[in-house]
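In: Sequence and predicted structure below; questions after.
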Protein chains: 2
Amino acid sequence: MVNIAVLGYGTVGSGVVEVIDTNGAGINQRIGEKLQVKYVLDLKDFPGDPVQEKIVHDFETIIQDEEINIVVEVMGGIEPAYTFVKRSLLAGKSVATSNKALVAKHGAELLSIAKEKNINFLFEASVGGGIPIIRPLNSSLTADEIEEITGILNGTTNYMLTKMFYEGADYDTVLKEAQANGYAERNPEADVEGYDACRKIAILSSLISGNQVDFEDIYCEGITKITTEDMKYAKTMGTTIKLLASSKRDGSRLHAIVAPCMLYPEHPLYNVNGVFNAIFVHGNVLGDAMFYGSGAGKLPTASAVVADVVDAAKHLNRNIMTMWKQEKLTLEDKGDAKRRFFIRMKGDEEEMRKDLEYSFGEIEIVKVPGLEGEFGIVTPVMMEGDYDTRANRYKDQILHMIRIEDQKA
Amino acid sequence: MVNIAVLGYGTVGSGVVEVIDTNGAGINQRIGEKLQVKYVLDLKDFPGDPVQEKIVHDFETIIQDEEINIVVEVMGGIEPAYTFVKRSLLAGKSVATSNKALVAKHGAELLSIAKEKNINFLFEASVGGGIPIIRPLNSSLTADEIEEITGILNGTTNYMLTKMFYEGADYDTVLKEAQANGYAERNPEADVEGYDACRKIAILSSLISGNQVDFEDIYCEGITKITTEDMKYAKTMGTTIKLLASSKRDGSRLHAIVAPCMLYPEHPLYNVNGVFNAIFVHGNVLGDAMFYGSGAGKLPTASAVVADVVDAAKHLNRNIMTMWKQEKLTLEDKGDAKRRFFIRMKGDEEEMRKDLEYSFGEIEIVKVPGLEGEFGIVTPVMMEGDYDTRANRYKDQILHMIRIEDQKA
């Protein structure tokens, strides 16, 4: 018998209990022992719910019960999650969590405690919901140096951008719609400003670099400034606009960024629509790979958490996760990243062409029928710092700049 | 020190040696010990190649060397691969292989020997080349009942169908082109008749069902009959045609099939083009997921083989792979599978409409501008057995039938 305690009976926590109820037979077979939810920690009671008999209100009941092998933390937020997880690990209990804020901030420390105790701290569900990405990075892509991870890591913003692109709706309208059908929170800041995606790419960056990458250090731009006009340019150019969270390594240099980007149809992420998430990985021998699926939602997220529980149960006294060091990695300056830029400008393209060519080199001009008094240009590949310097000259004319994500050749 | 022997210095074998040379530092760090290629078994010598000093011509050298912990089998074919792999496992050496024919035929037996010996028989590279799919099924999607796996599992045919779709080229032309640039073999039968994809879906079916699925039992239809006219209908309908290998479970029933299918743009596999492979998975709690990447090629395949070597090295005395039983699973009759069908017919659609509606129910009629004297119909969802019975009445008019793959709701 493997006994677990679930901290938090919210959306993911109730999903975890449901998944174990539904697929228990297969899960027990894979573990080789019966998996049992012994406690569920929540402040509330759930009278009438079969979970009620397992509800406890005090974490001490769980930490002091030696029968508890694995603790599932699905409360979210830093505290008290951090304290509970750390105490669990120190008490020799493996932990599975879906908490991206916790992993991004304290992952290195918690992994090192798990290693010391020869147990496991697992967090598949913290990035990409149900999509397996942490475990593939940890145990499948082990022959490679990972040179790039670029993901659509937030379902809310991808849903919104998809609506804006395919239906021509404006930002405020799709936000209200997303809120109405439960895809966006009433305070949508964490999603639309890119903070959620930023914590996730910080975790992936730490994992592939082997050092702590602080999300506060990552340049993060959300989708709040994306307009219907931007989408019209994207359509004219045969591109789409996605909120990308990206981490690129070149030797010891690591560039990380969260920003809306234009993608051409050749990019594997171009066709990832609606609430789906996808993660593109480039390995130095593997080449390109992509992982796609439900990035959020009760059952997909619970599926990933329970898969971690199965793995922890199969490795009760054996540490299996690669660690990253607590030493912080200094990210490369955003100004040093090279790419092409799309710029929307006020004015007349023929009058300004020569001047722009002098500044940016060979440019491509884009005109959208019906949008008068403005035009778009696509710059050649350049460092973002150089772009900034040159764009400064046109600061009164520039309506919007959107980065272009070309696929690595 | 972990010592390995590589059986076969062909494309994949030389790739394995190259990957270990290139990424050795990272690989050793992940294993926690130095990984060394001690022997390479090949009939030929490679004078001038640094591998020459490791070349042996006799398998006995390898099997009798107790320092060899892991054997990498990348020769292909059933014999002598089967004998070498079985002897290696019986001698307590873990095996990593890319050999789909071997795994499809003898996987159950070899897995059970590995389990008995508490070592590992790993075969990530046998399906989907560099795409991680075997390990995710084995250790990531463990909270789920897998209800469907549908893949584009053969790069050669996907390259050909992509060319036919986007460039309007005919089958013979694209086959010659694929042969000229090395994507297709001089004898292309294994690819174009679907046999390669069939062995791969047999392996995946065995893995998700837990029983032996023989590839000979799977209905297998290749792409040799796909014409430029078929592609014109697909374009008109907003679909594309892909060679799909599919395995669907409904309780204890399992349907498996390899056949060219029409896909609508909403299907995650619609946009998988060129030599790329992708594998769509539906789990009962996970929902939809997809894994995409290079399905073949020297380095991607070697990346998967070496990842297996790393896993074997980290688990030298601990069996980690789920087995499937040697008892054979009886597949459901192809006639019992339900889907929609696209049919190209000779004749006049208005004259025949009533008769066809009487036979098939509510049909959709498709006309392609420029294709006179024929038309297409799309049937409602029906059992394939019922389709066969009804289609028999029109056997002199039917030019081609292509199955439609609608995504599970």
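Out: Nice, thanks for sending it over. Numbering: from 1, shown residues only, chains lettered A, B, ... in the order given.
In: Just the helices from chain A, written as ranges.
Out: Per DSSP state H, chain A carries helices over the ranges A:11-22, A:24-31, A:59-63, A:81-90, A:100-117, A:134-135, A:155-167, A:171-180, A:189-192, A:195-209, A:228-237, A:298-314, A:349-360, A:384-392.
In: mind giving me the domain ranges of chain A?
Out: Structural domains annotated on chain A: A:2-129+A:298-324, A:136-294, A:335-405, as defined by automatic domain parsing.
In: Can you check the distance spanned by the first one, start to finish?
Out: Translated: domain A:2-129+A:298-324. Across its full length, domain A:2-129+A:298-324 reaches 28 Å end to end, with C-alpha to C-alpha, to the nearest Å as the criterion.
In: do that domain and chain B meet?
Out: Yes: legend: contact between domain A:2-129+A:298-324 and chain B by C-beta under 8 Å from any C-beta of the partner chain is shown at A:18-19, A:22-23, A:26-27, A:30, A:124, A:299-300, A:302-307, A:309-311, A:318, A:322. No exception for glycine: its C-beta is placed from N, CA and C like everyone else's.
In: Do a quick rundown of the strands in the stretch 201-350 of chain A.
Out: Counting by DSSP state E, counting those that start in this stretch, residue ranges of the strands within the stretch 201-350 of chain A are A:211-212, A:219-220, A:240-250, A:253-263, A:276-283, A:287-294, A:325-328, A:338-346.
In: Tell me the residue in chain A that is farthest from the middle.
Out: Computed with C-alpha atoms, centre = their mean, the residue of chain A farthest from its C-alpha average is A:E351, at 42.9 Å.
In: Phi and psi next, for A:A337.
Out: phi -80, psi 140 (degrees, to the nearest 10).
In: For it, grab the count of nearby residues.
Out: Each residue near A:A337 was counted by other C-beta atoms under 10 Å in any protein chain shown, and the total is 20.
In: so the closest residue to it other than its chain neighbours bridges to which residues?
Out: In space, not counting the residues next to it along the chain, A:A337 is nearest to A:H255; the distance is 4.8 Å by C-beta to C-beta, 6 or more residues apart in numbering or on different chains. The partner list for A:H255 in beta bridges (DSSP bridges) reads A:K248.
In: Check the one 4 residues further on too.
Out: A:A259 has the following beta-bridge partners by DSSP bridges: A:L244.
In: next one: A:G293
Out: Following DSSP bridges, A:G293 is listed with bridge partners A:N277, B:A289.
In: wait, what's in contact with it?
Out: Contacts for A:G293 (C-beta atoms under 8 Å, 6 or more residues apart in numbering or on different chains) come out as A:128-131, A:276-278, A:300, B:286-290.
In: Near chain B, which residues of the stretch 101-250 of chain A? Just list them.
Out: If contact is defined as C-beta under 8 Å from any C-beta, the residues of the stretch 101-250 of chain A in contact with chain B are A:124, A:130-132, A:135-136, A:139-145.
In: Could you work out the most separated pair of these?
Out: Based on C-beta to C-beta, the longest span within those runs between A:G130 and A:E145 and measures 26.9 Å.
In: Which one of those two is surrounded by more residues?
Out: Here A:G130 and A:E145 are set side by side on neighbour count (other C-beta under 10 Å), and the busier one is A:G130, at 30 against 18.
In: Was I right to think the more buried one contacts B:H282?
Out: No: using C-beta atoms under 8 Å as the test, A:G130 is too far from B:H282 to be in contact (11.3 Å).
In: what sits in contact with each of those two?
Out: Going by C-beta under 8 Å, 6+ apart, residues that sit against A:G130 and also against B:H282 are B:A289.
In: Now do the same contact list for the closest residue to A:D333 other than its chain neighbours.
Out: Once flanking residues are discounted, A:D333 sits nearest to A:G385: 7.3 Å by C-beta to C-beta, 6+ apart. By C-beta under 8 Å, 6+ apart, A:G385 lies in contact with A:333-336.
In: switch the cut-off to 10 Å
Out: By C-beta atoms under 10 Å, 6 or more residues apart in numbering or on different chains, the contact list for A:G385 reads A:333-338.
In: how far away is it from A:N277?
Out: The gap separating A:G385 from A:N277 is 31 Å, by C-beta to C-beta, to the nearest Å.
In: Over to A:E60?
Out: Here the distance between A:E60 and A:N277 works out to 37 Å (C-beta to C-beta).
In: what does A:R30 give?
Out: The span separating A:R30 from A:N277 equals 25 Å under the rule C-beta to C-beta.
In: Please say which of those two ends up with more neighbours.
Out: In this view A:R30 and A:N277 are compared by other C-beta under 10 Å, and A:N277 has more residues nearby, 27 against 20.
In: so that one touches A:S294, yeah?
Out: Yes: A:N277 is in contact with A:S294 according to C-beta atoms under 10 Å; the separation is 7.2 Å.
In: Give me the common contacts of those two.
Out: Both A:N277 and A:S294 are contacted by A:128-131, A:155, A:300, under the criterion C-beta under 10 Å, 6+ apart.
In: Okay, now the unreliable bits of chain A?
Out: Confidence mapping of chain A against pLDDT under 70 gives the ranges A:408-409.
In: cutoff 90 now
Out: Counting by pLDDT under 90, chain A contains low-confidence residues at A:181-183, A:250-253, A:265-266, A:295-297, A:321-323, A:325, A:407-409.
In: show me what contacts the closest residue to chain B within the stretch 301-409 of chain A?
Out: When you check the stretch 301-409 of chain A against chain B by C-beta to the nearest C-beta, the closest residue turns out to be A:V306, at 3.5 Å. Counting by C-beta under 10 Å, 6+ apart, A:V306 touches A:4, A:15-20, A:22-23, A:27, A:35, A:72, A:96, A:124-125, A:299, B:142-144, B:285-286.
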